[in-house]
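A.B. asks: Structural data only, the sequence is not supplied:
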């Protein structure tokens, strides 16, 4: 809140240029390292409702994530531990 106030004063009172908003940074703050739950099946091991964590953002439509079974062990499928998931294929958990 304080940063927004300072930015408002800089731009409107002193006439400086506004800092550009980077969409990647906003997306990183929103979903990077957050808990997720699948809303679509990815393969025969990763079904709807599987829980995991976002590890890396590829672009605005895809992320890399890892998933865990009911005992908390990491799921491995075809010698892969990290899976590429579409943004619309999961929801964030609180």
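C.D. replies: The structure has been received and is ready for your questions. Predicted model, so just to flag it, every value in this text is computed and none were measured.

A.B. asks: Backbone dihedrals for the residue most central in space within the chain, please?
C.D. replies: Compute the mean C-alpha point of the chain, and by CA atoms, centre = their mean the closest residue is residue 31, 2.7 Å away. Its backbone dihedrals place residue 31 at phi -120, psi -10, with angles given as degrees, to the nearest 10.

A.B. asks: hang on, isn't it packed against residue 55?
C.D. replies: No - distance between residue 31 and residue 55: 10.7 Å, which falls outside the contact criterion (CB atoms under 8 Å). Bear in mind the C-beta positions are built from the backbone N, C-alpha and C, glycine included.

A.B. asks: Name the residues contacting each of those two.
C.D. replies: Each of residue 63 lies in contact with both residue 31 and residue 55 under the rule CB atoms under 8 Å, 6 or more residues apart in numbering.
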